[in-house]
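Kindly return the folded structure for what I paste below:
(one chain, ligands or ions: 2)
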Amino acid sequence: MGSETQPPVVPVVDLSSENMKPGTDAWLLACKKVQHALEEFGCFEAVYKKDTLETQNSIFSAIKDFCDLPLETKMQKTSDKPLHSYFGRNPLFPHDFSTGIENPETVEGVQKFTSIMWPAGNERFRESVHSFSRMLIELDQMVTRMVFDIYGVQRLYDSHKASTTYQLRCIEYQIQAIQQTDKSDVRLFPHTDKGFTTILHQNEVNGLQIKTRAGQRIDYAPSSPSSFIVFAADVLMAWSNDRVYASEHQVIMKEEKTRYSVALFSYKNGIVQVPEELVDDKHPLRYKPFDQFDYLRFFQTEEAQKIKHPIKAYCGI
Ligand SMILES: O=C(O)CCC(=O)C(=O)O
Ligand SMILES: [Fe+2]
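Ligands and ions are numbered 1, 2, ... in the order given. Below is the predicted model:
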């Protein structure tokens, strides 16, 4: 009878057209796809700026430059913001390493990080992190603007944009760790991201697994080397009063190769509050107003990391 159901795939949305401007037919069509993707999958693959493949490749050379530094140097990246410093082995990242570059869209932000890691400078790193971050932020702003259009709250977009800050995290999943551990190859445990949005780009080593709102798991393989995956994170889910689903995801390594990924996390400064347009009889208010960075501090506690939906425990009604 041929009623086999196909496994779900992460929706792909092409945002690369020059005509992708608010109000155009192309924009409205993309908004529909983005809405479906964010509500059902909590993520989508964005096709964006294929012509900048070179920028995208140079980011991985830059990450390797960083990974090759001695541990003591890497550990010098600290931050007064929660979840922004260097992570070595810890319960969330048992075998892997990552570091955060704050305000990567500004020359000063990248320079500050570069001069801690390479006091004599590293032009290649500085240049490629800066241009890559600017491209990702452009994409993030386009997607966020779409989200505000989708839910009819365009009036709030400019102030949201002005209060957004970014962190670029460079992540390395080393091959040696697979051999060192007798546990499974789960390298990053299931989680939702803790900011507003995340945009992730990876090298050729797959491993990202995504759980849809309906509970189906997808082993994600990018459709091209220039693909980006856009995730809705906890703060966007709360802001949308649960219309958007914050995608649960994890990393399971199956190949004996080093995986590199780079993630742009967006955060909103100030108080996050569900817009009144998103509260009605069918959607009663589900979250109290909260401070995004205070939520990150809450999540840093061991108890919070054991909770299934920390955002609900933190500010849910
Ligand atoms: O490396 C990956 O593909 C996933 C990284 C991730 O989920 C995270 O850093 O939150
Ligand atoms: Fe994540």
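
Every contact and neighbour count from this point should use C-alpha atoms.
Noted.

so how far is Ala46 from the closest residue to Val107 other than its chain neighbours?
Excluding the flanking residues, the one nearest Val107 by CA to CA, 6 or more residues apart in numbering is His130, at 6.8 Å. Relative to Ala46, His130 is positioned 20 Å away (criterion: CA to CA, to the nearest Å).

same deal with Lys268?
As judged by CA to CA, Lys268 and Ala46 stand 22 Å apart.

Next, see if stretch 63-82 gets close to ligand 1.
No: contact of stretch 63-82 with ligand 1 is not found when judged by CA under 6 Å from any ligand atom; the minimum separation is 12.8 Å.

interface residues of the stretch 151-300 of the chain facing ligand 1?
Proximity of the stretch 151-300 of the chain to ligand 1, by CA under 6 Å from any ligand atom, involves residues Asp193, Leu208, Val251, Ser261.

5 Å instead, please
Contact residues (CA under 5 Å from any ligand atom) of the stretch 151-300 of the chain with ligand 1: Ser261.

Which parts of the stretch 151-300 of the chain are helices?
Here the stretch 151-300 of the chain has its helices, by DSSP state H, counting those that start in this stretch, at 157-162, 176-180, 234-239, 292-299.

and among those helices, the most buried is which?
Stretch with highest mean neighbour count among the helices of the stretch 151-300 of the chain: helix 234-239 (a mean of 25; mean count of other CA atoms under 10 Å).

ok, and the closest non-adjacent residue to the residue of the stretch 1-150 of the chain found nearest ligand 1?
Closest contact between the stretch 1-150 of the chain and ligand 1, by CA to the nearest ligand atom, is at Ser98 (8.2 Å). Using CA to CA, 6+ apart and skipping residues adjacent in sequence, the residue nearest Ser98 is Ile171, 4.3 Å away.

mind checking how far the one you found is from Gly100?
The gap separating Ile171 from Gly100 is 9 Å, by CA to CA.

Wait, a strand at Lys32?
No: going by DSSP: H, G, I helix; E, B strand; the rest coil, the assignment for Lys32 is helix, not a strand.

list the contacts for the closest residue to it other than its chain neighbours?
For Lys32, ignoring the flanking residues on the chain, the nearest one in space by CA to CA, 6+ apart is Ile150 at 7.7 Å. Listed by CA atoms under 8 Å, 6 or more residues apart in numbering, the contact set of Ile150 reads Cys31, Lys32, Gln35.

Then Gln305?
Here Gln305 is in contact with Phe299 (CA under 8 Å, 6+ apart).

For it, what are phi and psi?
Taking degrees, to the nearest 10, you get phi -70, psi -20 for the backbone angles of Gln305.

What score does it have for pLDDT?
Per-residue confidence (pLDDT) for Gln305: 84.

Would you mind measuring from it to ligand 1?
For Gln305, the distance to ligand 1 equals 14 Å [CA to the nearest ligand atom, to the nearest Å].

can you pull the contacts of the closest residue to Val47 other than its chain neighbours?
For Val47, ignoring the flanking residues on the chain, the nearest one in space by CA to CA, 6+ apart is Asp14 at 4.7 Å. Asp14 sits next to Ala30, Ala46, Val47, Tyr48 when contact means CA under 8 Å, 6+ apart.

Give me the pLDDT for the residue in the stretch 51-200 of the chain that ligand 1 sits nearest to.
Taking CA to the nearest ligand atom, ligand 1 has its nearest neighbour within the stretch 51-200 of the chain at Asp193, 5.5 Å off. Note for Asp193: predicted pLDDT of 96.

Appreciated, that's everything.
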